[in-house]
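In: heads up, no residue letters with this:
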């Protein structure tokens, strides 16, 4: 039995949509989908309906693209709640559900698989750039994330405020886990600033996470941390914890001859 992970499927691209349908069955395994499936409800439904018959359990966390407002569509928390409902209709675990225990773990050494939704708060800017100046600082290099116009934080006054609320609620849940439980933390955005390195667009990092989570891998006894968002697949190790960036990406960023299945990353094996 394995826990696999992938993110950034971007099903708005026809090549990605077709390729998702070709993933081979893994009937005994779990799959974590770490955000940016696409921009619409239909994109999320297509991914879940493609994967659900092929895996024993699915877990989903939102990326920024899922939360974009489409013309005439839902915004902010209302859109997130709708996506959670679509997942629950299919038995897919979300950040709003009780965390799942990895079946092969024991009472003496439980492993908890925790899907998270934490957003970002512009604190991944350099130390000398305050968060309220971060967007302007990024714009100086010609970089402004589409989130600034399409990711509505309503009813929160800002994306940073929504991030703070999510972090507060999530760390309370994680802190309530048994003190001897190990975790697998799954979030769309990296938990640590130094993992958000984008050589071609370095100032885009302001839309990549929050410093509030920099020590969560230690505080919450992580075995592994899964993220996406960067479209730069990588594995790093820090403090005895493995950090996996598991993006598929846009069609030009993966080899279609290999198929999507090649890019599923094994996170746990029992």
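Out: Alright, I've got the coordinates. For clarity, every value in this text was computed on a predicted model and none was experimentally measured.
In: Now the residue most central in space within the chain: which helix or strand?
Out: Closest residue to the average C-alpha location of the chain: residue 188 at 1.8 Å, with Cα atoms, centre = their mean. Assigned by DSSP states H and E, residue 188 falls within no helix or strand.
In: correct me, but it touches residue 63?
Out: Yes. Residue 188 lies in contact with residue 63 (Cβ atoms under 8 Å); the separation is 4.1 Å. From N, CA and C alone the C-beta is placed, and that goes for glycine too.
In: Quick check: neighbours shared by these two?
Out: Here residue 188 and residue 63 have 7, 34, 35, 36, 228, 229 as joint contacts, going by Cβ atoms under 8 Å, 6 or more residues apart in numbering.
In: Identify the residues contacting the fourth one.
Out: By that I understand residue 36. By Cβ under 8 Å, 6+ apart, the residues touching residue 36 are 7, 8, 9, 10, 63, 64, 65, 66, 188, 228, 229, 247.
In: make it 10 Å
Out: Applying Cβ atoms under 10 Å, 6 or more residues apart in numbering, we find residue 36 in contact with 7-12, 43, 61-67, 188, 228-229, 231, 247-249.
In: Are any of those buried, and if so which?
Out: Buried by 16 or more other Cβ atoms under 10 Å: 7-12, 43, 61-67, 188, 228-229, 231, 247-249, out of these.
In: in this structure, which spans are strands?
Out: Using DSSP state E, the strands found in the chain span residues 2-6, 26-33, 55-60, 100-101, 111-115, 182-186, 222-227, 234-238, 241-245, 265-269.
In: quick one: which of the ones you listed is nearest residue 87?
Out: Residue 87 lies closest to strand 55-60 among these, at 5.3 Å (Cβ to Cβ).
In: Relative to the whole chain's centre, how far out is that closest one?
Out: Relative to the mean C-alpha coordinate of its chain, strand 55-60 is positioned 14 Å out (Cα atoms, centre = their mean, to the nearest Å).
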